[in-house]
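Peer 1: Okay, predicted coordinates and the sequence, questions at the end:
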Amino acid sequence: MVSTTGCYKTCPVLDVKLYKNTVYYNLLEFNNKVGVYKYELTLRDFNELNRLIDNLDIDSLKKEYASNTPDVQVYNTSFVYKGKKKEVFFFENECPKDYQDLIKYLINLKSNQVSKIDTVLNFETRLRIPFEKKNIPPIPDDTLGM
């Protein structure tokens, strides 16, 4: 499972859940669509996911990769691999590249032919990063200093 935060730009806010051969999306904001959708993996997708997973050193992944970088998208992820649950919270571009490649691949599958569904899905990864709409901070008024 993956949940993303927004940013002061147009970072897509969404939840992703991979279950068996289907990827479920809860598209919240700054996506081409809004709502819950599903995507059936093709053999090519399945092979690519396996390749990305094989490139990972899963045991070396830390629980958190954060920094003081302002206004970046944040990802909260959780998955089960070989019977072990792994949770990774990271700021964009702060985790190992192989892991971010896997997460981005799953997210980008939403650009394929997805089908809208009426099912309500729970995403435990959303609990750590609740969905809140935030306004862009006002532009500083340079005339006050003159």
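Peer 2: Done, it's in. Numbering: from 1, shown residues only.

Peer 1: low-scoring stretches of the protein, by residue?
Peer 2: 128-146 (pLDDT under 70).

Peer 1: quick one, strands of the chain?
Peer 2: Ranges of strands in the chain, per DSSP state E, are 2-4, 13-19, 22-29, 35-40, 64-65, 74-81, 84-91, 115-116.

Peer 1: Take the second one, keep the C-alpha atoms, and write them as PDB.
Peer 2: In PDB, the C-alpha atoms belonging to strand 13-19 read as follows (Å, rounded to 0.1, in the frame of the first residue of the first chain):
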ATOM      1  CA  VAL A  13      -2.600  12.900  -3.700                       C
ATOM      2  CA  LEU A  14      -3.600   9.200  -3.900                       C
ATOM      3  CA  ASP A  15      -3.700   5.800  -2.300                       C
ATOM      4  CA  VAL A  16      -2.500   2.600  -4.000                       C
ATOM      5  CA  LYS A  17      -3.200  -0.900  -3.100                       C
ATOM      6  CA  LEU A  18      -1.800  -4.000  -4.900                       C
ATOM      7  CA  TYR A  19      -3.800  -7.100  -4.300                       C
END
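
Peer 1: what's the angle from that strand to strand 74-81?
Peer 2: Interaxial angle of strand 13-19 relative to strand 74-81 (axes from the mean of the first three to the mean of the last three CA atoms, to 10 degrees): 0 degrees.

Peer 1: Determine the set of other helices and strands touching strand 13-19.
Peer 2: In terms of contacts (3 or more CB pairs under 8 Å, 6 or more residues apart in numbering; DSSP states H and E), strand 13-19 is packed against strand 2-4, strand 22-29, helix 97-108. C-beta: built from backbone N, CA, C; applies to glycine.

Peer 1: Report the angle between the last one and strand 74-81.
Peer 2: This points to helix 97-108. Going by the same axes, to 10 degrees, helix 97-108 makes 100 degrees with strand 74-81.

Peer 1: ok, and what's touching helix 97-108?
Peer 2: Contacts of helix 97-108 with the rest of the structure, by CB atoms under 8 Å, 6 or more residues apart in numbering, involve 2, 4, 12, 14, 16, 18, 23, 48-49, 52-53, 55-57, 61, 75, 77, 88, 90, 92-93.
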